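J.: predicted structure and sequence below. I'll ask about it afterward.
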Amino acid sequence: MLAGILFALAAGLMWGLIFVGPLLVPDYPGTLQSAGRYVAFGLIALPLAWLDRRRLRQLARKDWVEALKLSLVGNLMYYAFLASAIQRTGAPVSTMIIGTLPVVMSVTANLCYGHLEGRLPWRRLTPALLIISLGLVCVNAAELQAQGAALDWPRYLTGLLLAVLAVGCWTWYPLRNARWLRSHPQHKPGSWATAQGLVTLPLALVFYLLVCGQIHWQQLGFGLPFGPQPEVFLLLMLAIGLFCSWLGTLCWNAASQRLPTVIMGPLIVFETLSGLFWTFLWRQSWPPMLTAVGICCLIMGVIAAMRIKPQPVVTSLEI
């Protein structure tokens with residue numbers, strides 16, 4: 001249990017960096033950043049796959065198809081939506097919308113997988129989810145106050161919609177990924193992360209070419225294929241591809257093999273807290289009081305959720 005929580009914390013710390021990345025290259029479309037990140041992820045996976053080729057050969061065809069689905073939804077689509085949302089709403093708001101994942105994932109896991117691994121009692125889970133929801137409201141209110149009259153409502157609302165779509169992708173991905181890992185304990189988390197990187201590479205390359213074609217048509221003089229800041233862009237994509245994609249996925253996979261699926265929902269809040277930490281560190285400022293209250297609520301809600309023990313599954317033989 002403790003090892004699983006520590007792995008989830010490590011994954012959250014690395015995944016939080018993705019909320020700062022789009023702010024470092026604001027002139028780059030979110031779709032190009034998504035494609036670049038996962039091209040880097042796939043390239044990093046190539047030498048790792050060669051070293052781990054013996055374990056990768058043990059994966060069946062249906063496993064590779066599952067890895068392809070997970071990569072398309074949880075990698076390319078998720079980050080394209082998220083990066084575009086961050087550029088429209090700002091990092092804190094997008095971070096906090098993504099921060100609804102502990103609530104959404106917990107409810108979804110309890111409804112879909114509770115009968116398999118043990119269900120968290122709703123009377124104990126609900127107060128924890130309400131505390132987390134209160135924290136999300138506080139941080140969003142603080143960011144809206146900070147932007148004030150300068151807020152571009154059409155752009156802001158579009159960003160909110162994109163962030164909600166990102167939540168949908170990231171709700172589906174970790175729950176399905178955790179179910180696969182728990183039903184295949186013979187496979188190492190690192191091997192599964194590498195497998196996802198391998199199937200991501202061809203998808204990301206095609207996606208990158210399509211995005212470049214769109215940018216060439218809409219933004220003449222952008223400086224394709226790597227944009228107006230090629231050195232910054234390439235280094236950023238390699239860093240995010242290594243830490244946020246491969247290493248972060250490895251740590252999350254390790255946590256998913258050790259913890260019940262219904263517990264993984266509250267633990268995804270580590271990504272939200274880390275995103276806020278890196279964002280305010282990049283801004284070189286302390287979070288306002290309302291944001292700090294929201295962060296405290298998030299932490300309290302997660303602690304309350306982690307203290308709940310899943311109810312054991314009752315089989316027909318026990319009745």
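T.: Alright, I've got the coordinates.
J.: contacts only, for the residue most central in space within the chain.
T.: By C-alpha atoms, centre = their mean, the chain has its centre lying nearest to residue 170, at 5.9 Å. The contact partners of residue 170, by C-beta atoms under 8 Å, 6 or more residues apart in numbering, come to 74, 78, 98, 101, 268. C-betas here are computed from N, CA, C, even on glycine.
J.: ok, now residue 173?
T.: 70, 73, 74, 78.
J.: counting only helices, which of those make the cut?
T.: Judged by DSSP state H, these include 70, 78 as members of helices.
J.: which of the contacts of residue 173 sits closest to residue 22?
T.: residue 78 (13.3 Å; C-beta to C-beta).
J.: roughly how far does that closest one sit from residue 85?
T.: 11 Å (C-beta to C-beta, to the nearest Å).
J.: go on, residue 207?
T.: Residue 207 is 18 Å from residue 85, by C-beta to C-beta.
J.: between these two, which is the more surrounded one?
T.: The neighbour comparison of residue 207 against residue 85 (other C-beta atoms under 10 Å) goes to residue 85, with 28 against 22.
J.: hmm, that one is touching residue 155, no?
T.: No - under the criterion of C-beta atoms under 8 Å, residue 85 is not in contact with residue 155, lying 10.6 Å apart.
J.: who touches both of residue 78 and residue 85?
T.: By C-beta under 8 Å, 6+ apart, the residues touching both residue 78 and residue 85 are residue 166.
J.: who's in contact with residue 274?
T.: With contact set as C-beta under 8 Å, 6+ apart, residue 274 has these partners: 12, 13, 14, 15, 16, 17.
J.: for those, which one is nearest residue 49?
T.: Nearest to residue 49 among the contacts of residue 274, with distances taken as C-beta to C-beta, is residue 14, at 20.6 Å.
J.: give me the buried positions along stretch 176-188.
T.: 176, 177, 178, 179, 180, 181, 182, 187, 188 (16 or more other C-beta atoms under 10 Å).
J.: now for the residues you listed: which two are most distant?
T.: 176 and 188 (18.6 Å).
J.: the residue nearest to the centre of the chain is in what secondary structure piece?
T.: According to DSSP states H and E, residue 170 maps onto helix 153-183.
J.: got the angle between whichever helix or strand comes after that helix and helix 153-183?
T.: Later in the chain than helix 153-183, the nearest helix or strand by DSSP H and E is helix 189-218. Helix 189-218 and helix 153-183 are oriented at 150 degrees to each other (axes from the mean of the first three to the mean of the last three C-alpha atoms, to 10 degrees).
J.: tell me what helix 189-218 is packed against?
T.: Applying 3 or more C-beta pairs under 8 Å, 6 or more residues apart in numbering; DSSP states H and E, we find helix 189-218 packed against helix 30-51, helix 53-56, helix 61-71, helix 153-183, helix 248-258.
J.: need the winner for burial among the ones you listed.
T.: helix 248-258 (a mean of 24; mean count of other C-beta atoms under 10 Å).
J.: quick one: low-confidence ranges for this structure?
T.: 90-93, 95-96, 99, 113-120, 143, 146-151, 261-262, 265, 306, 309-319 (pLDDT under 70).
J.: residue 224: neighbour count?
T.: When neighbours are defined as other C-beta under 10 Å, residue 224 has 13 of them.
J.: now do the same for residue 285: helix, strand or coil?
T.: Per DSSP: H, G, I helix; E, B strand; the rest coil, the local secondary structure of residue 285 is coil.
J.: and it, how close does it get to residue 291?
T.: Using C-beta to C-beta, residue 285 is found at 10 Å from residue 291.
J.: many thanks, have a good one.
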